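A.B. asks: Test case, fold it:
(one chain, ligands or ions: 2)
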Amino acid sequence: MPAPVPIGVVTVSDRASRGEYEDRGGPGIEAALARILATPWRPVRRLVPDERADIEAALRDLADLEGCPLVVTTGGTGPAQRDVTPEATEAVCDRMLPGFGELMRAVSLRSVPTAILSRQTAGTCGRSLIVNLPGKPSAIAECLDAVFPAIPYCIDLIGGPRLETDPAACVAFRPKAA
Ligand SMILES: Nc1ncnc2c1ncn2[C@@H]1O[C@H](COP(=O)(O)OP(=O)(O)OP(=O)(O)O)[C@@H](O)[C@H]1O
Ligand SMILES: Nc1nc2c(c(=O)[nH]1)N[C@H]1C(S)=C(S)[C@@H](COP(=O)(O)O)O[C@H]1N2
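C.D. replies: Ligands and ions are numbered 1, 2, ... in the order given. Model (predicted):
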């Protein structure tokens, strides 16, 4: 049996990190991944305040030390002064993948006009794909379901493990030769 694939699950929230409310973001990401992934995996969790240095440290740790081929963040993507998750993501990434944010905003716009306020993005940090989601717990499944069909092939391309999905939840697309 191969070891379960580590996947980074990062909640960025001032109040959840201070214990002022219970984090629903991290569990929301894990529930979505549990539904989508057929390959055995395990979460590597981080809960950090909206501080750029803390977010960057968590992302680097998950990518470089924990060896997560996928890191999903929630929160801190908006226009408020303390929202810095996209800046932290860009700082640690070697390549940006703007199509992720474009698609997630387009899908979210069907349910909420303020979807355009999210600056959520994605990029690669070495062999790790980092994907930002908004902080609203309801945004998590909506956004992750939209982009997940492209995630396994992206991870193939950056040298990560082959991820399989449950086709009932998500049909991953790989070009024929892949
Ligand atoms: N991790 C979370 N767990 C539960 N609810 C959350 C979480 N993050 C955000 N929310 C909810 O979504 C709303 C919008 O999220 P947003 O990231 O803008 O929060 P915020 O106002 O910046 O506060 P904070 O950083 O303290 O979570 C919050 O007001 C809260 O109701
Ligand atoms: N699917 C979805 N996307 C969404 C939202 C939402 O409720 N659902 N909220 C929007 C709002 S109100 C904001 S301010 C931005 C940024 O949220 P964040 O700072 O919590 O990441 O995400 C937007 N994207």
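A.B. asks: Find the closest residue to ligand 1 in this structure.
C.D. replies: residue 135 (2.6 Å; CB to the nearest ligand atom). Yep, even glycine has a C-beta here, placed from its N, CA and C like the rest.
A.B. asks: Secondary structure class of that residue, three-state.
C.D. replies: Secondary structure state of residue 135, per DSSP: H, G, I helix; E, B strand; the rest coil, is coil.
A.B. asks: And residue 50, by the same measure?
C.D. replies: coil.
A.B. asks: What is the neighbour count of it?
C.D. replies: A count of nearby residues for residue 50, using other CB atoms under 10 Å, gives 21.
A.B. asks: for residue 131, same thing?
C.D. replies: Around residue 131 there are 26 residues (other CB under 10 Å).
A.B. asks: Who is the spatially most central residue of the chain paired with across the strands?
C.D. replies: Using CA atoms, centre = their mean, the residue of the chain that lies closest to the mean C-alpha position is residue 72, 2.0 Å off. Note on residue 72: beta-bridge partners by DSSP bridges are residue 9, residue 131.
A.B. asks: Could you list which residues are in contact with it?
C.D. replies: Applying CB atoms under 8 Å, 6 or more residues apart in numbering, we find residue 72 in contact with 7-10, 29, 33, 130-131, 133, 144.
A.B. asks: Need those residues in CSV (columns: distance to ligand 1 and pLDDT).
C.D. replies: Below are the contacts of residue 72 laid out as CSV (distance: CB to the nearest ligand atom, whole Å; pLDDT from 0 to 100):
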residue, distance to ligand 1, pLDDT
7, 17, 98
8, 15, 99
9, 11, 98
10, 10, 98
29, 10, 98
33, 16, 98
130, 17, 99
131, 16, 99
133, 10, 98
144, 15, 98
